[in-house]
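[1] Sequence isn't available, so here's the structure alone:
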């Protein structure tokens with residue numbers, strides 16, 4: 001295999017990976033959920049609000065209000081979300 005042939009092969013693989021990443025990014029952009037609803041197992045949980053911890057404020061973890069997107073379920077829950085360190 002020549003150097004040019006190897007380069008062409010790498011270029012094709014790179015283009016295929018770029019296309020795959022773009023496809024996955026489009027797929028993820030349409031999702032703003034935090035998993036499947038534990039109650040109905042049909043709807044996705046969507047983050048409706050984020051607020052500081054009631055005890056520690058901005059120094060503690062954030063609290064996220066999640067709601068099931070299944071209109072027949074309507075389950076709501078509160079989760080703690082630890083911010084990444086190094087901010």
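    Done, it's in. All values derive from a computational prediction rather than experimental measurement.
[2] Strands of this protein, residue ranges please.
    Counting by DSSP state E, one finds strands in the chain at the ranges 33-36, 44-53, 57-68, 76-81.
[3] among the ones you listed, which is nearest residue 24?
    When those are compared by CB to CB, strand 33-36 sits nearest residue 24, at 15.7 Å. Every residue, glycine included, has its C-beta placed from N, CA and C.
[4] picking that back up, I'd like the strands of the chain laid out as TSV, including mean neighbour count, mean pLDDT and distance to residue 15.
    TSV is the format used below for the strands of the chain (neighbours: other CB atoms under 10 Å; pLDDT from 0 to 100; distance: least, CB to CB, whole Å):
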stretch	mean neighbour count	mean pLDDT	distance to residue 15
strand 33-36	13	74	31
strand 44-53	13	89	32
strand 57-68	14	88	38
strand 76-81	12	89	37
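[5] Let me have these in CSV, adding distance to residue 11 as columns.
    Conversion of these to CSV gives the following (distance: least, CB to CB, whole Å):
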stretch, distance to residue 11
strand 33-36, 36
strand 44-53, 38
strand 57-68, 43
strand 76-81, 41
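[6] Could you point out which of those strands sits nearest residue 7?
    That would be strand 33-36 among the strands of the chain, by CB to CB, at 41.3 Å.
[7] what sits up against the closest one?
    If you take CB atoms under 8 Å, 6 or more residues apart in numbering as the criterion, strand 33-36 is touched by 42, 43, 44, 45, 46, 47, 64, 66, 69, 79.
[8] Can you tell me which of those is nearest residue 22?
    Set against residue 22, the nearest of these by CB to CB is residue 44 (23.0 Å).
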